[in-house]
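> Mind folding the following:
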Amino acid sequence: MMRSSFDYVIVGGGSAGCVLANRLSADPATRVLVLEAGRPDYKWDVFIHMPAALPFPIGSRFYDWRYQSEPEPFMNGRRIYHARGKVLGGSSSINGMIFQRGNPMDYAKFAADPGMEHWDYAHCLPYFKRMETCTAGSDDFRGKDGPLVLERGAAENPLFGAFFEAVQQAGYPLTDDVNGYRQEGFARFDRNIRRGRRHSASVAYLRPVLHRPNLTVVTRALATRIRFDGKRAVGVDFARGRKAVSVNAGEVILCGGAINSPQLLQLSGVGNAAELRALGIQALTDLPGVGENLQDHLEVYVQHASKLPVSIAPGLARWRRPIIGFQWLFLRRGLGMSNHFEAGGFVRSNDEVAYPNLMFHFLPVAVRYDGSAPARGHGYQVHVGPMNSDARGSVKIRSTDPRVHPALRFNYLSTAQDRREWIETVRIARHILGQPAFEPYDAGELSPGPGIESDEEILSWVARDGETALHPSCTAKMGRDPMSVVDPETMRVHGLGGIRVVDASVMPYVTNGNIYAPVMMIAERAADMILGNTPLAPIAVDFHRA
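Numbers count the residues shown, from 1 in each chain. This next block holds a predicted model:
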């Protein structure tokens with residue numbers, strides 16, 4: 001029988017939750033409970049652990065929360081699908097496995113906000129290093145003995161060679177490591193893959209410590225409410241099947257991500273008091289920033305057909321899948337070993353931008369994220385989009401029922417900066433893919449297609465075809481201003497005791513790249529704060545500036 005009281009109750013067994021479960025349970029005298037609403041990440045589950053199988057969990061009710069935005073007013077009223085992991089490891093168990101820290105200047109932006117002085121790159125870098133083992137080599141920037149193993153993409157397909165040559169012909173540099181001294185430029189990417197298997201947060205942090213008797217992990221446990229005694233959190237109510245369960249907690253730590261964490265706060269009476277009262281919820285404390293400041297990355301696919309049969313398109317054929325699975329499972333080789341996002345880069349959309357604001361992923365096949373292809377035959381593409389959009393949205397509950405998804409509004413393309421950068425983005429992507437290096441392969445643009453030329457046509461196409469890059473963040477931001485939610489020195493929710501938030505929601509600004517790495521770094525830092533450990537000493541390094 002599970003005990004009824006714990007020192008720490010971690011709500012969410014995703015990226016941050018797995019880190020905290022590991023670090024907080026290291027003391028045998030500390031009792032830790034992890035509540036995960038999704039399923040276990042079974043070792044035999046090929047859809048999670050085979051890198052190339054990443055399209056399969058997305059859209060599946062077994063692995064994915066399957067969110068949709070409200071109709072986006074600047075995207076023709078489209079509801080944008082948002083996949084979020086509903087499994088141990090969270091979205092790190094279903095994402096594209098691309099490991100990007102962001103640019104050091106992202107953290108300078110963090111540190112410029114009131115109370116955020118200790119969130120500059122010098123203070124974050126030691127935690128990035130602590131968490132990782134970079135198999136490409138360690139230096140002043142990279143870690144060598146952390147739990148999370150990173151493999152550098154091989155990028156051996158000839159289309160990658162053409163891509164690297166093309167970016168240079170277009171006037172952009174190569175760089176040795178986008179997570180090192182110089183982010184700006186193009187390189188082979190780090191992936192959280194180890195020996196051909198996804199190295200999720202669960203695999204890296206949680207599975208190695210599941211044997212600890214003081215660590216309890218409960219899956220299929222949907223948190224329904226945080227219980228408070230006055231202004232202090234004292235426990236969590238959750239549902240497991242039809243059974244309602246309550247546990248007491250010395251501290252509650254929310255790790256549900258940028259959608260689930262603000263949802264649970266609002267359900268528990270923490271948020272915009274007027275909006276909560278309208279739903280019949282008694283407001284415990286008025287924190288209007290809960291659920292606000294929502295940020296994300298939108299992306300498009302610029303795709304070309306290939307004249308030569310060099311892409312990985314044959315591997316997408318249904319009859320090939322059992323062969324690929326057999327090779328991966330028993331021979332540890334073949335297409336199943338890679339996520340195929342093996343290279344890409346970062347550039348500035350114009351000379352007025354202080355640091356890179358566009359990210360490119362190159363893929364040696366023309367295919368959408370869900371695995372659907374625009375046409376039969378060989379092709380290649382870049383996934384591309386602006387990284388520093390000034391569009392802001394919100395997450396708001398619409399019901400007191402925790403099973404009802406909150407209303408998500410991202411407001412993509414709603415600002416002049418956003419629209420300008422999108423026009424620059426598509427033109428730069430076309431400029432790169434139109435270089436002589438691709439001439440032996442290029443059989444014409446599939447998407448957006450030759451009929452899309454003017455600024456207005458480009459924006460119309462983005463509105464019609466753009467998809468989320470799956471980086472929702474910033475809905476319970478750290479800081480000291482009136483719209484902040486979390487104290488940056490403790491991760492505690494302002495005005496309350498016994499409750500902290502540690503996940504992508506606490507970022508004040510979305511970083512320049514995929515957000516998995518920053519979330520893991522935040523969790524590593526938070527573990528030291530929670531345990532009262534002396535913080536790791538800042539590492540002042542010189543990094544590239546434009």
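> Where does pLDDT dip in this structure?
Within the chain, the stretches falling below the threshold (pLDDT under 70) are 1, 369-376.
> starting at the chain centroid, how far to the lengthiest helix in it?
Scanning the chain for the helix with the most residues, using DSSP state H, yields helix 416-433. Its chain's C-alpha centre and that of helix 416-433 lie 23 Å apart, by C-alpha atoms, centre = their mean, to the nearest Å.
> after it comes which helix or strand?
Using DSSP states H and E, the next helix or strand after helix 416-433 towards the C-terminus is strand 442-447.
> Residues contacting the very next helix or strand once past that following strand, please?
Moving toward the C-terminus from strand 442-447, the next helix or strand (DSSP H and E) is helix 455-465. If you take C-beta atoms under 8 Å, 6 or more residues apart in numbering as the criterion, helix 455-465 is touched by 74-76, 78, 298, 300-301, 413, 419, 422-423, 426-427, 447-448, 451-452. Glycine gets a C-beta too; all of them are placed from N, C-alpha and C.
> circling back to that earlier point, how about the longest helix of the chain: buried residues?
Of the residues in helix 416-433, 418-419, 421-426, 428-430, 432-433 count as buried by neighbour count, 16 or more other C-beta atoms under 10 Å.
> One more: stretch 436-454?
For stretch 436-454, by 16+ other C-beta under 10 Å, it's 437, 438, 441, 442, 445, 446, 447, 448, 452.
> Serialize these to TSV and add fields for distance to residue 201.
Output for these, formatted as TSV (distance: C-beta to C-beta, whole Å):
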residue	distance to residue 201
437	37
438	37
441	37
442	39
445	38
446	35
447	33
448	36
452	39
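> Nearest to residue 14, out of these: which one, please.
residue 447 (32.0 Å; C-beta to C-beta).
> thinking the closest one is in contact with residue 367, fair?
No: the criterion here is C-beta atoms under 8 Å, and residue 447 misses it with residue 367 at 10.9 Å.
> and residue 20, what is it in contact with?
8, 10, 253, 255, 502, 523, 526, 527, 530.
> likewise residue 219?
Residues in contact with residue 219, defined by C-beta under 8 Å, 6+ apart, are 13, 36, 37, 38, 39, 40, 88.
> cutoff 7 Å now
Listed by C-beta atoms under 7 Å, 6 or more residues apart in numbering, the contact set of residue 219 reads 36, 38, 39, 40, 88.
> number of nearby residues for the last one?
So the one you mean is residue 88. A total of 27 residues lie near residue 88 under the criterion other C-beta atoms under 10 Å.
> go on, residue 326?
Considering only other C-beta under 10 Å, residue 326 is surrounded by 12 other residues.
> Check which residues of the strand or helix carrying it are buried.
Element membership for residue 326, per DSSP H and E: helix 321-326. Buried positions in helix 321-326, judged by neighbour count with 16+ other C-beta under 10 Å: 321, 324, 325.
> Surely residue 217 is in a strand?
Yes: Residue 217 sits within a strand when classified using DSSP: H, G, I helix; E, B strand; the rest coil.
> Which residue, neighbours along the chain excluded, lies closest to it?
Leaving out its chain neighbours, the residue that sits closest to residue 217 by C-beta to C-beta, 6 or more residues apart in numbering is residue 34, at 4.6 Å.
> Provide the secondary structure category for that neighbour.
strand.
> For it, give its distance to residue 22.
When C-beta to C-beta, to the nearest Å is the yardstick, residue 34 and residue 22 sit 10 Å from each other.
> In terms of packing, which of these two has more residues around it?
Higher neighbour count among residue 34 and residue 22: residue 34, with 28 against 24, using other C-beta under 10 Å.
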